[in-house]
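Trainee: Got a predicted model here, sequence first, then my questions.
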Amino acid sequence: MPEGDVLLLTAERLGAALRGSELVRAELRWPSAAGVDLVGRALTEAAAYGKHVLLRFDDGRTLHTHLRMDGSWRVHRTGSRDAAARSPAVRAVLATRTWTCVGWRLGMLDVLRTRDEPRLLAHLGPDVLAPGFPSRLGEGVSRLRAEPGRAVCAALLDQRTVAGLGTIWTAEALFACRVWPWTPAGDLDDQALATLLSTARRLMSRSVAVARRAGFGAVEHAVHGRHRRPCRRCATPVALGSTSGPGRRPDGPERVVYWCPSCQRAPAA
(Lines give C-alpha, C1' and ligand atoms only; values in the text may rest on other atoms or scores of the structure.)
Protein backbone atom coordinates (compact mmCIF):
# COMPACT_ATOMS: atom_id res chain seq x y z
CA MET A 1 0.00 0.00 0.00
CA PRO A 2 1.43 3.43 -0.92
CA GLU A 3 2.60 5.35 2.14
CA GLY A 4 2.49 8.99 3.14
CA ASP A 5 5.53 10.03 1.11
CA VAL A 6 4.00 8.63 -2.09
CA LEU A 7 0.65 10.30 -1.37
CA LEU A 8 2.29 13.67 -0.71
CA LEU A 9 4.10 13.49 -4.05
CA THR A 10 0.92 12.33 -5.77
CA ALA A 11 -0.96 15.35 -4.44
CA GLU A 12 1.85 17.65 -5.58
CA ARG A 13 1.76 16.20 -9.08
CA LEU A 14 -2.01 16.46 -9.36
CA GLY A 15 -1.89 20.03 -8.11
CA ALA A 16 0.78 21.00 -10.62
CA ALA A 17 -1.28 19.52 -13.46
CA LEU A 18 -4.74 20.84 -12.57
CA ARG A 19 -4.50 23.86 -10.30
CA GLY A 20 -6.04 27.07 -11.60
CA SER A 21 -7.50 25.76 -14.87
CA GLU A 22 -11.12 24.80 -15.51
CA LEU A 23 -11.88 21.15 -15.98
CA VAL A 24 -13.07 20.30 -19.49
CA ARG A 25 -13.63 16.66 -18.61
CA ALA A 26 -14.57 15.09 -15.30
CA GLU A 27 -15.63 11.46 -15.04
CA LEU A 28 -16.11 9.83 -11.65
CA ARG A 29 -16.70 6.16 -12.38
CA TRP A 30 -17.88 5.36 -8.90
CA PRO A 31 -21.47 4.43 -8.00
CA SER A 32 -21.99 7.02 -5.26
CA ALA A 33 -20.37 9.82 -7.28
CA ALA A 34 -21.50 9.01 -10.80
CA GLY A 35 -23.89 11.97 -10.92
CA VAL A 36 -21.37 14.54 -9.67
CA ASP A 37 -20.48 17.18 -12.27
CA LEU A 38 -17.11 18.92 -11.87
CA VAL A 39 -16.78 20.24 -15.44
CA GLY A 40 -16.07 23.97 -15.36
CA ARG A 41 -14.67 23.83 -11.84
CA ALA A 42 -11.05 24.72 -11.10
CA LEU A 43 -8.78 23.03 -8.60
CA THR A 44 -7.63 25.39 -5.87
CA GLU A 45 -5.54 22.98 -3.83
CA ALA A 46 -4.34 19.39 -3.81
CA ALA A 47 -3.38 18.03 -0.41
CA ALA A 48 -2.49 14.75 1.22
CA TYR A 49 -3.32 13.64 4.74
CA GLY A 50 -1.69 10.36 5.64
CA LYS A 51 -2.75 8.00 2.86
CA HIS A 52 -5.64 10.18 1.63
CA VAL A 53 -5.63 12.65 -1.29
CA LEU A 54 -7.90 15.69 -1.13
CA LEU A 55 -8.59 17.69 -4.30
CA ARG A 56 -10.29 20.96 -3.39
CA PHE A 57 -12.30 22.89 -5.99
CA ASP A 58 -13.42 26.49 -6.29
CA ASP A 59 -17.07 25.65 -5.57
CA GLY A 60 -16.36 24.46 -2.04
CA ARG A 61 -16.30 20.75 -2.84
CA THR A 62 -13.52 18.21 -2.31
CA LEU A 63 -12.82 15.03 -4.23
CA HIS A 64 -11.41 12.54 -1.73
CA THR A 65 -9.59 9.39 -2.85
CA HIS A 66 -7.64 6.61 -1.18
CA LEU A 67 -5.39 4.31 -3.19
CA ARG A 68 -5.72 1.21 -0.96
CA MET A 69 -3.34 -1.51 -2.17
CA ASP A 70 -3.29 -1.12 -5.94
CA GLY A 71 -4.49 2.38 -6.77
CA SER A 72 -2.57 5.16 -8.47
CA TRP A 73 -3.00 8.53 -10.16
CA ARG A 74 -1.27 9.12 -13.51
CA VAL A 75 -0.88 12.36 -15.44
CA HIS A 76 -0.95 12.47 -19.25
CA ARG A 77 -1.00 15.14 -21.90
CA THR A 78 -4.63 15.83 -22.86
CA GLY A 79 -5.39 14.33 -26.25
CA SER A 80 -2.78 11.61 -25.92
CA ARG A 81 -3.64 7.94 -26.23
CA ASP A 82 -3.18 7.30 -22.51
CA ALA A 83 -5.44 10.24 -21.65
CA ALA A 84 -8.37 8.46 -23.32
CA ALA A 85 -8.58 6.31 -20.15
CA ARG A 86 -10.79 3.62 -21.65
CA SER A 87 -9.79 0.83 -19.26
CA PRO A 88 -12.42 -0.59 -16.88
CA ALA A 89 -9.78 -0.18 -14.14
CA VAL A 90 -10.05 3.61 -14.37
CA ARG A 91 -12.13 5.11 -11.57
CA ALA A 92 -11.68 8.85 -12.21
CA VAL A 93 -10.67 11.19 -15.03
CA LEU A 94 -10.02 14.90 -14.47
CA ALA A 95 -8.79 16.94 -17.41
CA THR A 96 -7.92 20.51 -18.33
CA ARG A 97 -7.06 21.54 -21.86
CA THR A 98 -3.43 20.67 -21.15
CA TRP A 99 -3.30 17.76 -18.71
CA THR A 100 -5.42 14.72 -17.90
CA CYS A 101 -5.22 13.00 -14.51
CA VAL A 102 -6.37 9.39 -14.44
CA GLY A 103 -7.19 7.49 -11.25
CA TRP A 104 -6.52 3.78 -11.63
CA ARG A 105 -7.94 1.10 -9.30
CA LEU A 106 -8.76 3.65 -6.61
CA GLY A 107 -9.88 2.00 -3.39
CA MET A 108 -12.06 4.84 -2.15
CA LEU A 109 -13.71 7.86 -3.82
CA ASP A 110 -16.29 10.37 -2.65
CA VAL A 111 -17.19 14.03 -3.03
CA LEU A 112 -17.92 16.15 0.03
CA ARG A 113 -18.04 19.75 1.11
CA THR A 114 -14.53 21.01 1.79
CA ARG A 115 -15.66 22.25 5.19
CA ASP A 116 -16.59 18.67 6.11
CA GLU A 117 -13.06 17.32 5.62
CA PRO A 118 -12.27 17.37 9.37
CA ARG A 119 -15.16 15.01 9.97
CA LEU A 120 -13.86 12.67 7.25
CA LEU A 121 -10.39 12.57 8.79
CA ALA A 122 -11.41 12.70 12.46
CA HIS A 123 -10.54 9.05 13.11
CA LEU A 124 -6.93 9.50 11.99
CA GLY A 125 -3.92 10.38 14.09
CA PRO A 126 -1.62 13.28 13.24
CA ASP A 127 -0.04 13.15 9.78
CA VAL A 128 3.66 12.33 10.13
CA LEU A 129 4.59 14.50 7.13
CA ALA A 130 2.34 17.48 7.90
CA PRO A 131 4.12 20.79 8.59
CA GLY A 132 2.46 20.93 12.00
CA PHE A 133 3.46 17.42 13.09
CA PRO A 134 6.22 18.56 15.49
CA SER A 135 3.61 20.44 17.51
CA ARG A 136 1.51 17.25 17.67
CA LEU A 137 4.37 14.94 18.55
CA GLY A 138 3.12 14.61 22.11
CA GLU A 139 -0.28 13.57 20.81
CA GLY A 140 1.36 10.89 18.69
CA VAL A 141 3.21 9.58 21.74
CA SER A 142 -0.03 9.50 23.74
CA ARG A 143 -1.79 7.59 20.98
CA LEU A 144 1.03 5.04 20.89
CA ARG A 145 0.57 4.57 24.62
CA ALA A 146 -3.20 4.11 24.34
CA GLU A 147 -2.74 0.32 24.16
CA PRO A 148 0.45 -0.26 26.18
CA GLY A 149 0.52 -4.01 25.58
CA ARG A 150 0.36 -3.68 21.81
CA ALA A 151 3.47 -4.36 19.72
CA VAL A 152 4.98 -1.06 18.70
CA CYS A 153 5.15 -2.16 15.04
CA ALA A 154 1.38 -2.74 15.00
CA ALA A 155 0.70 0.54 16.79
CA LEU A 156 2.75 2.50 14.26
CA LEU A 157 0.89 0.91 11.35
CA ASP A 158 -2.50 1.84 12.81
CA GLN A 159 -3.57 5.05 11.07
CA ARG A 160 -5.53 6.02 14.19
CA THR A 161 -2.19 6.39 15.96
CA VAL A 162 -0.31 8.41 13.36
CA ALA A 163 -1.28 8.79 9.71
CA GLY A 164 0.97 7.98 6.79
CA LEU A 165 3.20 5.18 8.04
CA GLY A 166 3.13 1.82 6.29
CA THR A 167 5.30 -1.28 6.38
CA ILE A 168 8.29 0.40 4.73
CA TRP A 169 8.80 3.37 7.01
CA THR A 170 7.68 1.54 10.13
CA ALA A 171 10.43 -1.04 9.56
CA GLU A 172 12.99 1.59 8.61
CA ALA A 173 12.28 3.78 11.66
CA LEU A 174 12.39 0.84 14.06
CA PHE A 175 15.70 -0.28 12.57
CA ALA A 176 17.20 3.21 12.73
CA CYS A 177 16.26 3.42 16.42
CA ARG A 178 17.38 -0.18 17.16
CA VAL A 179 13.95 -1.10 18.52
CA TRP A 180 12.70 -4.71 18.43
CA PRO A 181 9.44 -4.40 16.45
CA TRP A 182 7.36 -6.43 18.93
CA THR A 183 8.34 -4.42 21.99
CA PRO A 184 5.11 -3.47 23.81
CA ALA A 185 4.51 0.22 23.21
CA GLY A 186 4.08 0.75 26.95
CA ASP A 187 7.62 -0.55 27.60
CA LEU A 188 9.14 2.40 25.72
CA ASP A 189 9.41 5.72 27.54
CA ASP A 190 8.06 8.97 26.09
CA GLN A 191 11.47 10.04 24.80
CA ALA A 192 11.99 6.76 22.95
CA LEU A 193 8.54 6.98 21.35
CA ALA A 194 9.07 10.62 20.39
CA THR A 195 12.44 9.74 18.85
CA LEU A 196 10.82 6.90 16.91
CA LEU A 197 8.16 9.19 15.45
CA SER A 198 10.65 11.96 14.67
CA THR A 199 12.91 9.43 12.94
CA ALA A 200 10.02 8.17 10.83
CA ARG A 201 9.27 11.75 9.79
CA ARG A 202 12.92 12.40 8.93
CA LEU A 203 13.23 9.25 6.82
CA MET A 204 9.98 9.92 4.95
CA SER A 205 10.92 13.56 4.36
CA ARG A 206 14.23 12.41 2.90
CA SER A 207 12.37 9.99 0.63
CA VAL A 208 10.19 12.86 -0.63
CA ALA A 209 13.22 15.08 -1.26
CA VAL A 210 15.10 12.35 -3.15
CA ALA A 211 12.02 11.41 -5.23
CA ARG A 212 11.58 15.04 -6.26
CA ARG A 213 15.11 14.99 -7.67
CA ALA A 214 15.55 11.46 -8.93
CA GLY A 215 12.15 9.76 -8.90
CA PHE A 216 10.78 6.87 -6.87
CA GLY A 217 13.11 4.01 -6.09
CA ALA A 218 16.21 6.16 -5.61
CA VAL A 219 16.25 5.64 -1.82
CA GLU A 220 17.83 2.38 -0.66
CA HIS A 221 16.15 0.78 2.34
CA ALA A 222 18.08 -0.57 5.29
CA VAL A 223 15.84 -3.59 6.03
CA HIS A 224 12.52 -3.45 4.19
CA GLY A 225 12.44 -5.88 1.26
CA ARG A 226 15.88 -7.26 2.16
CA HIS A 227 14.93 -10.65 3.62
CA ARG A 228 18.02 -12.86 4.08
CA ARG A 229 20.32 -10.17 2.72
CA PRO A 230 23.05 -8.82 5.02
CA CYS A 231 22.16 -5.98 7.36
CA ARG A 232 23.84 -2.78 6.17
CA ARG A 233 24.99 -2.12 9.73
CA CYS A 234 26.21 -5.51 11.02
CA ALA A 235 25.89 -8.01 8.09
CA THR A 236 23.44 -10.27 9.97
CA PRO A 237 20.80 -11.61 7.53
CA VAL A 238 17.64 -9.50 7.65
CA ALA A 239 14.67 -11.43 9.05
CA LEU A 240 11.03 -11.43 8.01
CA GLY A 241 8.01 -11.66 10.29
CA SER A 242 4.60 -10.11 10.70
CA THR A 243 2.81 -7.83 13.12
CA SER A 244 1.70 -10.91 15.07
CA GLY A 245 5.26 -12.01 15.83
CA PRO A 246 8.85 -12.42 14.62
CA GLY A 247 8.42 -16.03 13.53
CA ARG A 248 5.15 -15.64 11.68
CA ARG A 249 4.56 -14.83 8.04
CA PRO A 250 1.78 -12.36 7.16
CA ASP A 251 -1.67 -13.90 6.99
CA GLY A 252 -4.97 -12.06 6.49
CA PRO A 253 -4.89 -8.68 8.24
CA GLU A 254 -1.33 -9.16 9.49
CA ARG A 255 1.35 -6.94 7.98
CA VAL A 256 4.89 -7.81 6.96
CA VAL A 257 7.76 -6.70 9.22
CA TYR A 258 11.46 -6.76 8.30
CA TRP A 259 14.12 -6.37 10.99
CA CYS A 260 17.70 -7.19 11.93
CA PRO A 261 17.90 -9.83 14.71
CA SER A 262 21.27 -8.46 15.83
CA CYS A 263 20.67 -4.69 15.73
CA GLN A 264 17.12 -5.00 17.03
CA ARG A 265 17.36 -7.56 19.81
CA ALA A 266 14.32 -8.48 21.90
CA PRO A 267 14.35 -6.84 25.34
CA ALA A 268 15.66 -9.06 28.12
CA ALA A 269 12.87 -10.88 29.96
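Mentor: That came through, no problem.

Trainee: CA atoms for contacts and neighbours, from now on please.
Mentor: Will do.

Trainee: Now the one helix or strand R143 maps to: buried residues?
Mentor: Secondary structure from DSSP states H and E places R143 in helix 137-144. Across helix 137-144, burial judged by 16 or more other CA atoms under 10 Å covers L137, G138, E139, G140, V141, R143, L144.

Trainee: Which elements pack onto that helix?
Mentor: With contacts taken as 3 or more CA pairs under 8 Å, 6 or more residues apart in numbering; DSSP states H and E, helix 137-144 sits against helix 152-157, helix 190-214.

Trainee: who touches the helix or strand following the first one?
Mentor: Counting by DSSP H and E, the element after helix 152-157 in chain order, helix or strand, is helix 167-176. Identification of contacts with helix 167-176 by CA atoms under 8 Å, 6 or more residues apart in numbering yields 3, 153, 156-157, 180-181, 196-197, 199-200, 203-204, 221-224, 255-260, 263-264.

Trainee: Poorly predicted segments of the stretch 151-269 of the chain, please.
Mentor: Within the stretch 151-269 of the chain, the segments meeting pLDDT under 70 span 248-253, 269.

Trainee: just to revisit the earlier point, so which of the helices and strands packed on helix 137-144 is nearest A89?
Mentor: Shortest distance between A89 and the helices and strands packed on helix 137-144, using CA to CA, is found for helix 190-214: 26.3 Å.

Trainee: tell me which strands and helices the closest one is in contact with?
Mentor: Looks like helix 190-214 contacts helix 4-18, helix 137-144, helix 167-176 (3+ CA pairs under 8 Å, 6+ apart).

Trainee: Contacts for the longest one next, please.
Mentor: So the one you mean is helix 4-18. For helix 4-18, contacts defined as CA under 8 Å, 6+ apart pick out 42-43, 45-55, 73, 75, 95-96, 99-101, 128-129, 163-166, 204-205, 207-208, 212.

Trainee: That one: which residues count as buried?
Mentor: Neighbour count says helix 4-18 has 4-15, 17-18 buried, by 16+ other CA under 10 Å.

Trainee: so which of these comes closest to L188?
Mentor: Checking those one by one against L188 (CA to CA), the nearest turns out to be G4, at 24.4 Å.

Trainee: State the distance from the closest one to V162.
Mentor: 11 Å (CA to CA, to the nearest Å).

Trainee: any residues in contact with both of the two?
Mentor: V128.

Trainee: give me every residue that touches A47.
Mentor: L8, A11, E12, V53, L54, L55.

Trainee: Helix, strand, or coil at the fourth one?
Mentor: By that I understand V53. strand (DSSP: H, G, I helix; E, B strand; the rest coil).

Trainee: Hmm, C177 and L196 touching each other?
Mentor: Yes: here L196 reaches C177: they are 6.5 Å apart, a contact under CA atoms under 8 Å.

Trainee: Between those two, which is the more surrounded one?
Mentor: L196 (22 against 17; other CA atoms under 10 Å).

Trainee: Quick one: mean pLDDT over stretch 53-69.
Mentor: Averaging pLDDT along stretch 53-69 gives 97.
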